[in-house]
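Peer 1: The following block contains a protein sequence and its predicted model.
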Amino acid sequence: MKGWKIALAAVAVLVAAGAALWHFRFDLIILAARAKQPKIEAYHPVTWAQGPSEAPTGERPPNVVFILADDLGYNDITLNGGGVANGAVPTPNIDSIAHDGVTFANGYAGNATCAPSRAAIMTGRYATRFGFEFTPTPVAFSRVVGGHAGDPLHPSRFNAAEVKNAPRDDSSEAVPSTEITIAEALKPRGYHTIHLGKWHLGGVKGSRPEDQGFDESLGFMAGASLFAPAGDPSVEESRQDFDPIDKFLWGALPYAVQYNGSKLFHPNAYMTDYLTDQAITAIDKNKNRPFFMYLAYNAVHTPLQAPKADYDALPRIKDHRLRVYGAMVRNLDRNIGRVLQTLKDKGLDKNTLVIFTSDNGGANYIGLPDINKPYRGWKATFFEGGIHVPFLLRWPGQLPAGGIYRSPVGHVDIFATAAGAAGAPVPKDRVIDGVDLVPFVKGQTTGDPHKAMYWRSGRYEVVLSGGWKLQVAQEPNRVWLYDLSADPTERHDLSKSNPEKVRELKATLAQLDSQMAKPSWPSLLSGAIYIDHPGGQPAKKDDEYIYWDN
């Protein structure tokens, strides 16, 4: 017995030593990341390009305002009777886009993580067609997160053998310049093109927004940003100590933006407020010419920071983390309302197509269980919680108010829909996976927009066809088959009882796989995502999970 006690004590010491070493290495990574940051200048105003002083006579193409939220869960808006904390955080402005336009009840993200999803949005193509399969991630970050012994059942792993094949700088992991973006498609029609907020599609010359069709770009190239300086007394914060990614973001992220490749500078307000202030100014400057605005908020992505005024407005939410998160949703909704009101005030409302969606589902790593309710899964899974997102279009006089369209549609459709509204041709020299949704909503085109919809991330892929959804994972080695028409929340796996449908959909997957490119850079990190509970909760042996690459 004494020997066993000594052995157990030795193991405990080794585990503690390993944890201490990991934290030491992580701190070094954060220090290195900070050291690499260029100097950030003090706030200075942006001078937006001035459009014509008078409105043109006759008809002009509609403006297109595309608003993208970041990691917004399906249950974060109150449109469908849900909302944060059982409806404690109303979202009347986001909901109004649906009330005045069309809800796509089965709207799907381009991918279950942000960057590949955004690549699909910007090009109208599955990002796997041009090798943008994995989210750009720094090698050092992957190395240290992959060494984090946080999950004893299914630990994260770092793929050291692939480091030699990865670019040294993740900002060069980008959408190829040969791809055509929405901005590039609309410019020949006389559109002034504007990007605000998050980009995450490449930060080197040739891949930045101003190189990919945007006349003006104000935001940040990386996948996240602080909303305010850490510790700002006007902001309430929540830190998830169980999540290594959260620790990295708090330590390494700057609070900064840049305009058309200028030097970084500090905003003068909470990031969501600041981006909205600038969007309002840009709308005013362009009120007399057609414009395309890509307003890519980083809300409600971590780190969790909310203005104290929004936090204080939610006293009935007792859980601190949930209250901070709810305050971020409240702030996002109010700012979207400011943009919509500006369109009305400038007389542009009736001639503007507004598109709203989220880049993927809500994330497990914030530790909140209901953000994707009623769906299972999270960001970084292809269960409905990871890819079934709010998807709303409003175009007064062109789309019916309060309409609901139920056939599956996706982020890939945004390109063709915007081009169709603008009267711009869709490229004919490549496969465009998306379609113009307006004729389908108006009944001018019948049938489903897509015979099949497809997702892939490394060793995990999915096809949705005819109401049936097949998920195929290599780790764990299994398949899931769901009849979404009868089981939209994926509770009843039919893979064993319907092997014929599995074979049929596997053949469809193989056919689609054959059209895709190899990843342009490797996945260096893989980690387990549990389907039915968020991060910060202990896992059980029989919990369903998938391994997500990168």
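Peer 2: Arrived safely.
Peer 1: Compute the mean per-residue pLDDT across the strand or helix carrying residue 251, please.
Peer 2: If you go by DSSP states H and E, residue 251 is part of helix 244-252. Per-residue pLDDT over helix 244-252 has a mean of 89.
Peer 1: next one: stretch 515-526
Peer 2: 96.
Peer 1: Span of that stretch from start to end?
Peer 2: Stretch 515-526 has an end-to-end distance of 25 Å (criterion: Cα to Cα, to the nearest Å).
Peer 1: distance between it and the chain's centre?
Peer 2: Distance, stretch centre to chain centre, for stretch 515-526: 19 Å (Cα atoms, centre = their mean, to the nearest Å).
Peer 1: Now do the buried residues in that stretch.
Peer 2: 516, 519-526 (16 or more other Cβ atoms under 10 Å). Placement of C-beta: from N, CA and C, glycine included.
Peer 1: Would you map the strands across the stretch 1-150 of the chain?
Peer 2: Counting by DSSP state E, counting those that start in this stretch, one finds strands in the stretch 1-150 of the chain at the ranges 63-69, 102-104, 107-108.
Peer 1: The closest residue to residue 172 other than its chain neighbours: helix or strand, and which one exactly?
Peer 2: Of all residues not flanking residue 172 in the chain, residue 204 sits nearest, at 4.9 Å (Cβ to Cβ, 6 or more residues apart in numbering). Using DSSP H and E, residue 204 sits within no helix or strand.
Peer 1: mind starting the numbering at 49 from now?
Peer 2: Got it, the first residue is 49 from now on, which makes the last one we talked about residue 252.
Peer 1: so who does residue 252 touch?
Peer 2: Residues near residue 252 by Cβ atoms under 8 Å, 6 or more residues apart in numbering: 217, 219-220, 222.
Peer 1: Let me know the closest of these to residue 150.
Peer 2: residue 222 (32.9 Å; Cβ to Cβ).
Peer 1: just to revisit the earlier point, type out the PyMOL command that picks the buried ones from the contacts of residue 252.
Peer 2: Remark: buried members of the contacts of residue 252, expressed as a PyMOL selection using 16+ other Cβ under 10 Å:
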select buried, resi 219+220+222
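Peer 1: So which of the contacts of residue 252 is the closest to residue 89?
Peer 2: The nearest member of the contacts of residue 252 to residue 89, counting by Cβ to Cβ, is residue 219 at 19.7 Å.
Peer 1: does that closest one really touch residue 251, like I thought?
Peer 2: Yes. In this structure residue 219 lies within contact range of residue 251 using Cβ atoms under 8 Å: 3.3 Å.
Peer 1: Between these two, which contacts overlap?
Peer 2: Counting by Cβ under 8 Å, 6+ apart, the contacts common to residue 219 and residue 251 are 269-270.
Peer 1: Which pLDDT value goes with residue 185?
Peer 2: For residue 185, the pLDDT comes out at 87.
Peer 1: Excluding chain neighbours, what is closest to residue 182?
Peer 2: Distances taken as Cβ to Cβ, 6+ apart place residue 598 nearest to residue 182, at 3.9 Å, with adjacent residues excluded.
Peer 1: how close does that neighbour get to residue 380?
Peer 2: For residue 598, the distance to residue 380 equals 27 Å [Cβ to Cβ, to the nearest Å].
Peer 1: between those two, which one's more packed in?
Peer 2: Neighbours of residue 598 and residue 380, each counted by other Cβ atoms under 10 Å, are more numerous for residue 380; the result is 27 against 23.
Peer 1: so where does that one fall, helix or strand?
Peer 2: Taking DSSP H and E as the criterion, residue 380 maps to helix 368-393.
Peer 1: what packs against that helix?
Peer 2: Contacts defined by 3 or more Cβ pairs under 8 Å, 6 or more residues apart in numbering; DSSP states H and E place helix 368-393 against strand 111-117, helix 132-135, helix 140-147, strand 283-286, helix 319-333, strand 352-355, helix 356-360, strand 400-406.
Peer 1: how big is the angle separating the first one from helix 140-147?
Peer 2: Per axes from the mean of the first three to the mean of the last three Cα atoms, to 10 degrees, the angle that strand 111-117 makes with helix 140-147 is 130 degrees.
Peer 1: The last one now?
Peer 2: Going by the same axes, to 10 degrees, strand 400-406 is angled at 120 degrees with respect to helix 140-147.
Peer 1: Now do strand 400-406: which elements does it pack against?
Peer 2: When contacts are defined as 3+ Cβ pairs under 8 Å, 6+ apart, strand 400-406 packs onto strand 111-117, helix 140-147, helix 368-393, strand 439-442, helix 461-470.
Peer 1: contact partners of that strand?
Peer 2: Contact with strand 400-406 is made by 110-121, 142, 145, 149, 155, 157, 384, 388, 391, 437-443, 446, 459, 462, 465-466, 469, as judged by Cβ under 8 Å, 6+ apart.
Peer 1: same deal with the fourth one?
Peer 2: Contacting residues not belonging to strand 283-286 are listed as 275-276, 278-279, 318, 351-356, 359, 368-369, 371-373, 375 [Cβ under 8 Å, 6+ apart].
Peer 1: Can you say which of those residues are buried?
Peer 2: 275-276, 318, 351-355, 359, 369, 371-373, 375.
Peer 1: now residue 572, nearest residue through space, not along the chain?
Peer 2: In space, and not counting its chain neighbours, residue 572 is closest to residue 190: 3.9 Å by Cβ to Cβ, 6+ apart.
Peer 1: burial count for that neighbour?
Peer 2: By other Cβ under 10 Å, the residues close to residue 190 number 25.
Peer 1: Having no further points to raise, I will conclude here.
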